[in-house]
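Undergrad: Predicted model, plus sequence, below.
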Amino acid sequence: MMTNDNMNEPIKIIICDDHVLYRAGVKTALSAKKDVKVVAEADNGMHLLNMLKMIPVDVILLDIQMPIMDGITALPEIKKLYPNVRIIMLTMMDDHSMITKLMEIGANSYLTKTSDSEIIYEAIKTCFDQEYYFNSLTNKALLTNLKQRNDVTPQRMMQQEAHLNDKEMLILKLMCEEKSTKEIADLVDLSPRTVEAIRDKLKVKTGAKSTAGLIMYAVKHNILNEEF
């Protein structure tokens, strides 16, 4: 979980998009929210990378298609230099293979540019607090695309099948069903802290680097269809 140095500080956002009107619209909509703040705007990936050297940020709204350097090229560069920054990809398309690729190389969420401001706000808050914001687009892409293409998940993540006990398998299945840590804790009669510890242990056992990686593992090994 990310935390600002000062808990009362708003979440700092940079919008990177080559359409001035789109940036202005999102910035205006978010200005009504007290707990988020657009601190800068960039019109391509190169501009953004230069900006990040000077401006601290928590969440980046990153357009996929831009001149000079697009979002797909910028994403891994930003993650390498600033691994804790959350990145929400913006696009006009809902291409499943593209979504899967972007989630694998570090995207924390994927929104279409037709998403309304409340969805964008919710995605920013959720990514900041919980690392990922899953929606019907990301879930469908991760779950259907991975079933079709067994080679999608990086090999290092799948060197061998991990030996998970029934409780770990159940918690992983509930994570795939978009249950929050608190909801899972209530369902399996454990404390949220214990659920988080089991989630961390699952990452170690499966070799997954993130929640998205765990979901990929669950799909690959058909855990979603297990009965408990």
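TA: Nice, I can see it.
Undergrad: now the helices for the protein?
TA: Ranges of helices in the chain, per DSSP state H, are 20-30, 45-52, 71-81, 96-104, 117-130, 136-140, 146-148, 166-176, 181-188, 192-206, 211-220.
Undergrad: Let me have those helices in JSON lines, adding distance to L111, mean neighbour count and mean pLDDT as columns.
TA: Glycine gets a C-beta too; all of them are placed from N, C-alpha and C. Listed next are the helices of the chain as JSON lines, based on distance: least, CB to CB, whole Å; neighbours: other CB atoms under 10 Å; pLDDT from 0 to 100:
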{"stretch": "helix 20-30", "distance to L111": "11", "mean neighbour count": "15", "mean pLDDT": "93"}
{"stretch": "helix 45-52", "distance to L111": "17", "mean neighbour count": "19", "mean pLDDT": "94"}
{"stretch": "helix 71-81", "distance to L111": "12", "mean neighbour count": "17", "mean pLDDT": "90"}
{"stretch": "helix 96-104", "distance to L111": "10", "mean neighbour count": "20", "mean pLDDT": "78"}
{"stretch": "helix 117-130", "distance to L111": "6", "mean neighbour count": "18", "mean pLDDT": "91"}
{"stretch": "helix 136-140", "distance to L111": "8", "mean neighbour count": "16", "mean pLDDT": "74"}
{"stretch": "helix 146-148", "distance to L111": "20", "mean neighbour count": "14", "mean pLDDT": "60"}
{"stretch": "helix 166-176", "distance to L111": "20", "mean neighbour count": "18", "mean pLDDT": "88"}
{"stretch": "helix 181-188", "distance to L111": "23", "mean neighbour count": "16", "mean pLDDT": "91"}
{"stretch": "helix 192-206", "distance to L111": "25", "mean neighbour count": "16", "mean pLDDT": "88"}
{"stretch": "helix 211-220", "distance to L111": "15", "mean neighbour count": "22", "mean pLDDT": "77"}
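Undergrad: Include distance to V36 when you put the ones you listed into CSV, please.
TA: Output for those, formatted as CSV (distance: least, CB to CB, whole Å):
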stretch, distance to V36
helix 20-30, 5
helix 45-52, 18
helix 71-81, 19
helix 96-104, 22
helix 117-130, 6
helix 136-140, 21
helix 146-148, 32
helix 166-176, 26
helix 181-188, 22
helix 192-206, 25
helix 211-220, 22
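Undergrad: wait, which of these is closest to L62?
TA: Among the helices of the chain, the nearest to L62 by CB to CB is helix 71-81 (4.5 Å).
Undergrad: Does anything pack onto the closest one? Which helices or strands?
TA: Under the contact criterion of 3 or more CB pairs under 8 Å, 6 or more residues apart in numbering; DSSP states H and E, helix 71-81 touches helix 45-52, strand 59-63, strand 86-91, helix 96-104.
Undergrad: Dump these to TSV, plus distance to L202.
TA: Below are these laid out as TSV (distance: least, CB to CB, whole Å):
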stretch	distance to L202
helix 45-52	32
strand 59-63	25
strand 86-91	21
helix 96-104	18
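Undergrad: Got the domain ranges for this structure?
TA: Domain ranges of the chain: 11-144, 156-225, per automatic domain parsing.
Undergrad: Among the helices and strands packed on helix 71-81, which comes closest to S117?
TA: Closest approach to S117 among the helices and strands packed on helix 71-81 (CB to CB): strand 59-63, 11.5 Å.
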